[in-house]
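Asker: Dropping the sequence and predicted coords here.
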Amino acid sequence: MKTRLISGVCYIAILLAFYLLKTCVHDLCFDVLTYVFSLLGTYEIVRAMGDKMTKSERVIVRIFGIVCIPACVIAEYFFRYGVHVTGVLFIALGVALLSLLVIKHEETTPENIGVAIFSAVYPAIMLVVLVL
């Protein structure tokens, strides 16, 4: 309960900082806070769904959450292909998760894969906020 309360306070502080930095400072500050917000959300979703996911699925989803937004921001800034890079990363996530059905077939089920993909959608939703 204490951890959820701390997460909720962090969410409110981040949303307030979103507004202030977007209107007063620079868009890059908004990108950094979106990244922090995405990391917190991914951590909370993976922790909440932890009993339905294997350890390797949790690691893959967390790596996706860590890599996704910086890759999108860098690709968008230099090449204007941020959303495309995100799509490629999401496909790579799907391939990595589906390969667990072969590599760790004793532990992995299609239900686990679905929960892991559901958990990985959070950074992708944050990217929609970032790009728009």
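Answerer: Arrived safely, thanks for sending. Numbering: from 1, shown residues only.
Asker: which helix is the longest one in this protein?
Answerer: Under DSSP state H, the helix in the chain containing the largest number of residues is helix 55-79.
Asker: low pLDDT regions in this protein?
Answerer: 1, 128-132 (pLDDT under 70).
Asker: List the buried residues in stretch 38-56.
Answerer: Ser38, Leu39, Leu40, Gly41, Thr42, Glu44, Ile45, Val46, Met49, Met53, Thr54, Ser56 (16 or more other C-beta atoms under 10 Å). From N, CA and C alone the C-beta is placed, and that goes for glycine too.
Asker: Okay, helices next: where are they in the protein?
Answerer: Going by DSSP H, the chain shows helices at 2-24, 27-48, 55-79, 82-103, 110-131.
Asker: Let's see stretch 44-62 as CSV, backbone CA atoms only.
Answerer: Extracted in CSV, the C-alpha atoms of stretch 44-62 (Å, rounded to 0.1, in the frame of the first residue of the first chain):
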residue,chain,number,x,y,z
GLU,A,44,4.0,-0.8,-11.7
ILE,A,45,2.3,-2.9,-14.4
VAL,A,46,5.0,-5.5,-14.4
ARG,A,47,4.9,-5.7,-10.6
ALA,A,48,1.1,-5.9,-10.6
MET,A,49,1.1,-8.7,-13.2
GLY,A,50,4.2,-10.3,-11.8
ASP,A,51,2.6,-13.6,-10.7
LYS,A,52,1.2,-14.1,-14.2
MET,A,53,4.5,-13.6,-16.0
THR,A,54,7.8,-15.5,-15.8
LYS,A,55,11.0,-13.8,-14.8
SER,A,56,12.3,-13.8,-18.4
GLU,A,57,9.1,-12.1,-19.6
ARG,A,58,9.4,-9.5,-16.9
VAL,A,59,13.0,-8.8,-18.0
ILE,A,60,12.1,-8.5,-21.7
VAL,A,61,9.2,-6.1,-21.0
ARG,A,62,11.4,-3.9,-18.7
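Asker: List of residues touching that stretch?
Answerer: 4, 7, 42-43, 93, 96-97, 100, 104, 107-108, 111-113, 115-116, 118-120, 122 (C-beta atoms under 8 Å, 6 or more residues apart in numbering).
Asker: What is the nearest of the buried residues of stretch 38-56 to Ile74?
Answerer: Set against Ile74, the nearest of the buried residues of stretch 38-56 by C-beta to C-beta is Ser38 (15.1 Å).
Asker: Please consider this matter closed, and thank you.
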